[in-house]
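Colleague: Following is a predicted model, sequence given first.
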Amino acid sequence: MSAPPRELVLASANRGKLEELRAILGAEADALGLRLRSLSEFPDVTLPPEGGSYEPNALAKARAAAKATGRVAIGDDSGIEIDALGGAPGPLSARYGGPGLDDAGRCAHLLDALAAVPEGGRGARFVCVAALATPDGDADAVRGECPGRILRSPRGAGGFGYDPIFAPEGDARAMAELAPAEKHRISHRGRAFAALAPLLRQRFAR
C-alpha cells in the first residue's frame, strides 16, 4: 500500500489525545500540509497488547498503525509514576485499580492508596514516550516528562486521566485547572509530541 503523502495517523482512538496532538503540532502540521487523523477512522486496525515499558509500547503501536493504514503514524505510551509507590503505576496507569474503572475511579483509587502519605512524600511525574513510524517499519522514539506532586483531592474540569489530582512542579493548580495552552507547554505529552516536530520535518519536508 502506498502512503498518502500528507496524512499522519495517531495510533489511538482516544479523543483527548487527538485534541492534544492537534493543539501541540497544529502549526507544524499546517506548515507541512499534514492532515491529522485518529485511529477511530480506521476501525479494522488492531493494535498489539501493551507490555510493561513505555518505549516498546509506543513503537509497537506506531508501527502497527503505520503498516495497517499505509500512512506515517504516531504512537505514544504514557503513565504517572508515584515516588511513594516505587514508580508505580507507570506504564500500567491506564489499567490501575483493575478493569471497569473510569478516569475518576482510577484517580480515587490512587488517592486512597496515598491517603497516609504526607505532603513531602507525594512526589510524582507524568511520563510519555512518543514514536513516529513509517509503513516500512522505520521508527524513532522521543521522551517527555513533567514532574510534580499528587494532590489530596481532584480539582478542575480540564484534561483527562490523572490531570485532576496532579499539580505540576512550581504550580499550586492541578493540571486539570490549567488552560490548554499552559498544559501543552509543560505536559509530558506536550514535550514528547513537540520533540517529534523535527522528525516530522525530516519525513515530510521533501
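Modeller: Received, thanks. Residues are numbered from 1 along each chain as shown.
Colleague: Make sure R149 is indeed in a helix.
Modeller: No: per DSSP: H, G, I helix; E, B strand; the rest coil, R149 lies outside any helix segment and is strand.
Colleague: so what's it up against?
Modeller: E119, R122, G123, A124, F166, A167, E169 (C-beta atoms under 8 Å, 6 or more residues apart in numbering). In short, each C-beta sits where N, CA and C put it, glycine included.
Colleague: what do you get for G16?
Modeller: By C-beta under 8 Å, 6+ apart, the contact set of G16 is G159, F160, G161.
Colleague: Go again with 7 Å.
Modeller: Contacts for G16 (C-beta atoms under 7 Å, 6 or more residues apart in numbering) come out as F160.
Colleague: Report pLDDT for S78.
Modeller: S78 carries a pLDDT value of 94.
Colleague: next helix or strand past the helix or strand harbouring it?
Modeller: Secondary structure assignment for S78, by DSSP states H and E: strand 72-82. As assigned by DSSP H and E, the chain's next helix or strand after strand 72-82 is strand 89-90.
Colleague: how close does A31 get to R22?
Modeller: 14 Å (C-beta to C-beta, to the nearest Å).
Colleague: Tell me who's in contact with A11.
Modeller: By C-beta under 7 Å, 6+ apart, the residues touching A11 are L39, L47, K61, A62, A64, A65, A73, I74, G75.
Colleague: ok, now R15?
Modeller: If a contact means C-beta under 7 Å, 6+ apart, then R15 has no contacts.
Colleague: Show me which residues of stretch 132-139 are buried.
Modeller: Within stretch 132-139, the residues that qualify as buried are L132, A133, T134, P135, A139, counting by 16 or more other C-beta atoms under 10 Å.
Colleague: now it: mean pLDDT?
Modeller: Mean per-residue pLDDT for stretch 132-139: 93.
Colleague: Good, we can wrap up now.
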